[in-house]
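J.: build me a structure from this.
(chains A and B)
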Number of protein chains: 2
Amino acid sequence: VDEFELIERYFARHGETRDVVVGIGDDGAVLKPDPDRELVTVIDTLVSRVHFPSSIDAYHLGYRAVAVNLSDIAAMGARPLWMTLALTLDDANPDWLEKFAAGLFAAANEHDVALVGGDTTSGENVVVSVQITGDIEPGRALLRSGAVPGDTIYVTGSVGDAAGGLACIESDRASEYLEQRFLEPTARVECGRKLIGVASAAIDISDGLYGDLHKLLAASGVGADVDLDAVPVSAELREQFGADEVRQFALGGGDDYELCFTSAEDIPKTLAGVAVTAIGTVNASGQLTLRDQTGVVPFEDSGYLHFE
Amino acid sequence: VDEFELIERYFARHGETRDVVVGIGDDGAVLKPDPDRELVTVIDTLVSRVHFPSSIDAYHLGYRAVAVNLSDIAAMGARPLWMTLALTLDDANPDWLEKFAAGLFAAANEHDVALVGGDTTSGENVVVSVQITGDIEPGRALLRSGAVPGDTIYVTGSVGDAAGGLACIESDRASEYLEQRFLEPTARVECGRKLIGVASAAIDISDGLYGDLHKLLAASGVGADVDLDAVPVSAELREQFGADEVRQFALGGGDDYELCFTSAEDIPKTLAGVAVTAIGTVNASGQLTLRDQTGVVPFEDSGYLHFE
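T.: Next up is the predicted model:
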């Protein structure tokens, strides 16, 4: 099967899609942007044995590759529209491709995102790069840089579940709930949309709450006090792991794809059906300080650094 | 060096860039499209030891990764604007990154293209995916599907040089001109712009003239007669290689990044400073027939198939 047939067979979905003038099959795609909106573009790559165990099935790899990008779109408050795919494969097994495409489109279809372009190549690693373009009302994108002292810090859903799920997958422990949270993360796209004009700053939690909140604070030039006892952790995570592991997963685990944001407003306890929890306050200290009932808690971020 | 510092050090170019509201450094980029134009998106990936010898230097890898995408933009007749980069590296050598970024920006700056987003990851292969978005007047994109019987087939520049250059790089033969044509291909962006409203169909030659013309004809539902004696080949290629090799490189070699297009009009001999040569005629046969003074020439396309 050559590249042309491969794309045609697994990835070209014909038919009417919104704002797509020319889709897959030419030198490029032609898209019709809304003249009254700005564009938001994000890109994220998954590499086998780096971002996921090589045992991960193709369906979940496809699903995750889209979801992690939708999470970045959510963190900007944007509406996802179009995606492109660069896929490097070690072989082109039809069964694998079928499942991969099913996962990819399952995640994309949840938000009506059209695959408009792609490139498949062979290589020694499986490398999946997805790039998504969305749009947003002009000047309204949620940036990392708008937090000011006095703002409350919020997080959606619960954190640490995905890291717990990965630990289950890589060991004998089994928790369908936690594993699912790693394999099929839910991008908080609707939450992000509702945060426009409400959040002063936002980021998605891909590298761990501590590390990503740290980036938001650094971009805003502020500090924060976080109440560790308030950080939302699922009952299932507490059931499967000891308190130290739970804290490590919740603060440094990554892969949760929840949103962390700041706001001067009181935020309802749920947003677009997702729990929202206040976990701390922005201050002018320039430091990120963690506290629990015992006082200040030192934390060494083991957040993911790609090139140490 | 962590990923964040790596991007900041080598890839974040601060300052005013056209239509970029938010560039590298947030969850996504925010871009301001021209409300009166459509968007054109292309993506292309280079994998070490598949698309280039592992001996290729980082500068040329960066340059080529952008140029091959600009060539797809050219084949659509679009104006390039913004690019994103997904870079998978086996290690993060500062010297390598410095040179890679220099090549990347050298190619991008020729057409004033801004790098607005990226993702760097580690892996066993070097994999470089570049995605470029451009824009175009609504309804004017050059597609592969518009050729009609009676149109003349044209090609820009000369073909086969890049394949000859690669053969030189991989052997003891030396030709600076040919090697340069492989290492720093010139995307025909200005030619593409001038072909709007003139060409009935267009494609860029990345997999070889025969294979790419075949795709254009198939997309248009037509056939063609090509005069092999008219196919433009450089004096340097003829000097370095025998007649059979020259023909093989010119028809099946790939990597030239010239444009092949069809038109009912008489095209000037140069377009935006680039030679344009008529090489054949579109017909209704549904077949691509090659002829020289001896008659019909059989040709077995060895064009690049990624997954055989």
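J.: and the next helix or strand past the helix or strand that contains residue A:107?
T.: Using DSSP states H and E, residue A:107 sits in helix A:94-109. Beyond helix A:94-109 on the C-terminal side, the first helix or strand identified by DSSP H and E is strand A:114-122.
J.: what's that next one packed up against?
T.: With contacts taken as 3 or more C-beta pairs under 8 Å, 6 or more residues apart in numbering or on different chains; DSSP states H and E, strand A:114-122 sits against helix A:3-10, strand A:29-31, strand A:79-89, helix A:94-109, strand B:38-47, strand B:127-136. For the C-beta atoms, the positions are set from N, CA and C on the backbone; glycine is no exception.
J.: which pLDDT value goes with residue A:306?
T.: According to the model's per-residue confidence, residue A:306 sits at a pLDDT of 41.
J.: which of the helices and strands packed on strand A:114-122 has the lowest average pLDDT?
T.: Per-segment mean pLDDT for the helices and strands packed on strand A:114-122 reaches its minimum on helix A:3-10, at a mean of 74.
J.: now find how far off-centre that helix is within its chain.
T.: A distance of 28 Å separates the centroid of the chain from that of helix A:3-10, by C-alpha atoms, centre = their mean, to the nearest Å.
J.: quick one, it and helix A:94-109 angle?
T.: Helix A:3-10 runs at 60 degrees relative to helix A:94-109, counting by axes from the mean of the first three to the mean of the last three C-alpha atoms, to 10 degrees.
J.: what's downstream of helix A:3-10, the next helix or strand?
T.: Following helix A:3-10 in sequence, per DSSP H and E, is strand A:20-22.
J.: contacts for that following strand next, please.
T.: Among residues not part of strand A:20-22, those counted as contacts by C-beta atoms under 8 Å, 6 or more residues apart in numbering or on different chains are A:28-32, A:82, A:114, A:116, B:38, B:139, B:141, B:143.
J.: redo those residues as a markdown table? Include neighbour count.
T.: A markdown table is the format used below for the contacts of strand A:20-22 (neighbours: other C-beta atoms under 10 Å in any protein chain shown):
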| residue | neighbour count |
| --- | --- |
| A:28 | 31 |
| A:29 | 27 |
| A:30 | 24 |
| A:31 | 26 |
| A:32 | 14 |
| A:82 | 28 |
| A:114 | 22 |
| A:116 | 25 |
| B:38 | 23 |
| B:139 | 9 |
| B:141 | 24 |
| B:143 | 24 |
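J.: tell me the contacts of residue A:225?
T.: For residue A:225, the set of contacting residues under the criterion of C-beta under 8 Å, 6+ apart consists of A:280-281, A:283, A:289, A:291.
J.: going through those, which ones are buried?
T.: A:280-281, A:283 (16 or more other C-beta atoms under 10 Å in any protein chain shown).
J.: TSV for the helices and strands packed on strand A:114-122, including distance to residue B:203?
T.: Listed next are these as TSV, based on distance: least, C-beta to C-beta, whole Å:
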stretch	distance to residue B:203
helix A:3-10	12
strand A:29-31	15
strand A:79-89	19
helix A:94-109	25
strand B:38-47	12
strand B:127-136	16
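J.: how about the ones you listed, which one is nearest residue B:184?
T.: Residue B:184 lies closest, by C-beta to C-beta, to one member of the helices and strands packed on strand A:114-122: strand B:38-47, at 13.8 Å.
J.: sounds good, over and out.
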